[in-house]
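> Pasted the sequence and its predicted model underneath.
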Amino acid sequence: MTFTRNTHLSKIVIAAVLAIAFTAAGFRFLGRSEATTPRVEIVKVVGPLRVAVLGASASAGFGCVLREDKADGEYTAGFKLIDMVRYACPDLEMLTSDLSSPFFFMGPIESGKTSVKRAIAFNPDCVVALDFLFWFCYGDDSPTGGRLKSEDERLAKFELGLAQLEQFTVPVIIGTIPDMRRAVGKMLSKAQMPEAATLTKVNERMSAWAKEHPSVTIVALADMQRQLMDDGSLDIGGERLVSTAAAPLLQRDQLHPSAQGLAGIGCAVATAIKQAMGDACANAASCTPSAEATMGRAREKLELVFVPKPASTEEAPAPTPP
């Protein structure tokens, strides 16, 4: 993976940054819609920041394993989204409840209800629900539990996901719904894939919903996915992550992020936490995520899993004649 500093921003990028109210760090894919209701008063955090994580396989780190070959053998480690958030802000003391699951897609409505209930019981200061709404749009299940029959049913199912998140009275971080059509035939079936018009509608609905709920912060996953597919890169703050054959940002299924991709997403989420909590959490306010530094800390967690046997220096015995 290559990390390069962005030293020249085009006028288009600058306009986009101004339009969606990025933080001072300049995160390209992070914004909060202007609230139409008074901003929620956030309680000042005393002690560790309590973070509940809701969502599906991307948050749960499905297949997100980093491997590196060194002189003494193979090193490996698996990562979840919250791991990368920790590495992005190592000075931010957090107490977490990770309720994300790689099986969320099998029943998002019921799984959502259960995880939201458990998250509320955890009494969080902040909720990270980055891919929580993904399967309330994708999938082939209807709002009533049967087989999906129309795109209107997708929209109805999406409303159920929003309603579940409305139960929280603390800052909630969500992600827009990306276009994952390249994963069809790999990890997604054609029946699970929403139409392009549906994706547009759910993201517009999400934006309108966020305006009604000022404690919601949106991470623009759809824009990130679009840049990744078009340019093979991600702009995260002042860094550009470039997908390569040796270090791709997506796994082969074209659906789940690799460790490098998850590091970038973790930085975006860390910045969202910083934006959402404001001055209520001093350590969050001082967080300055860097994808390169995040990956460096992730590599420190690699463990030796395979020690190669030393090459034998003895000559092989001569074969015994018959």
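Ah, there it is. Because the structure is predicted, anything quoted here is derived from the model rather than measured.
> list the contacts for Asp110?
One thing to correct before we go on: residue 110 is Glu, not Asp. Going by CB atoms under 8 Å, 6 or more residues apart in numbering, Glu110 touches no other residue. For every residue, glycine as well, the C-beta is placed using N, CA and C.
> Can you show me the strands along the stretch 201-322 of the chain?
Using DSSP state E, counting those that start in this stretch, the strands of the stretch 201-322 of the chain run over residues 216-219, 233-236, 239-242, 303-306.
> Quick check: pLDDT value at the residue nearest to Gly278 when sequence neighbours are not counted.
Using CB to CB, 6 or more residues apart in numbering and skipping residues adjacent in sequence, the residue nearest Gly278 is Ile42, 6.3 Å away. You'll see Ile42 listed with a pLDDT of 78.
> same question, Gly238
For Gly238, the predicted pLDDT is 78.
> tell me which element the residue nearest to Gly278 falls in.
When elements are defined using DSSP states H and E, Ile42 is found to belong to no helix and no strand.
> could you check the distance from the nearest residue to Gly266 once chain neighbours are set aside over to Ala293?
Leaving aside its chain neighbours, Gly266 sits nearest to Met84 (2.6 Å; criterion: CB to CB, 6+ apart). Using CB to CB, to the nearest Å, we find Met84 at a distance of 11 Å from Ala293.
> Same question for Asp98.
Taken as CB to CB, the span from Asp98 to Ala293 is 22 Å.
> quick one on the thing from earlier: isn't the residue nearest to Gly266 right up against Ala268?
No - look at Met84 against Ala268 with CB atoms under 8 Å: they stay out of range, at 9.8 Å.
> quick one: average confidence on the helix or strand that contains Ala163?
According to DSSP H and E, Ala163 maps onto helix 151-165. In this model, helix 151-165 carries a mean pLDDT of 97.
> what element comes up after that helix heading to the C-terminus?
Taking DSSP H and E, what comes next after helix 151-165 is strand 172-175.
> Could you name the helices and strands sitting against that following strand?
The contact analysis (3 or more CB pairs under 8 Å, 6 or more residues apart in numbering; DSSP states H and E) places strand 172-175 against strand 126-129, strand 216-219, helix 259-277.
> now what about it, what contacts it?
126-134, 165, 206, 210, 213, 215-222, 269, 272-273, 276.
> how does it look with 7 Å?
Outside strand 172-175, the residues that touch it by CB atoms under 7 Å, 6 or more residues apart in numbering are 127-133, 165, 215-219, 221, 269, 272-273, 276.
> The residue nearest to Gly278 and Asp279 touch, don't they?
No - counting by CB atoms under 7 Å, Ile42 does not reach Asp279; the two are 8.7 Å apart.
> who has more neighbours, these two?
Ile42 (17 against 9; other CB atoms under 10 Å).
> For the more buried one, list the residues it contacts.
By CB under 7 Å, 6+ apart, the contact list for Ile42 reads Pro171, Met277, Gly278, Ala280.
> follow-up on the earlier one: would you reformat the strands of the stretch 201-322 of the chain as TSV and include mean neighbour count and distance to Met187?
TSV is the format used below for the strands of the stretch 201-322 of the chain (neighbours: other CB atoms under 10 Å; distance: least, CB to CB, whole Å):
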stretch	mean neighbour count	distance to Met187
strand 216-219	24	21
strand 233-236	23	20
strand 239-242	20	22
strand 303-306	10	26
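> To Gly145, which of those lies closest?
strand 216-219 (27.3 Å; CB to CB).
> give me every residue that touches the most centrally placed residue in the chain.
Geometric centre of the chain, nearest residue: Ile265, 4.9 Å, by CA atoms, centre = their mean. Applying CB under 7 Å, 6+ apart, we find Ile265 in contact with Leu81, Met84, Pro257.
> Let's see if you can find the most crowded of those residues.
Tallying neighbours with other CB under 10 Å puts Met84 at the head of the contacts of Ile265, with 29 neighbours.
> contacting residues for it?
Leu262, Ala263, Ile265, Gly266, Thr294, Ala298.
> In those, find the pair that's most separated.
Greatest spacing in the contacts of Met84, by CB to CB: Ile265 and Ala298 (12.6 Å).
> Met187 touches Leu255, doesn't it?
Yes - using CB under 7 Å, Met187 is in contact with Leu255, at 4.4 Å.
> More neighbours: which of the two?
Legend: neighbour count by other CB under 10 Å for Met187 and Leu255, higher for Leu255 (21 against 18).
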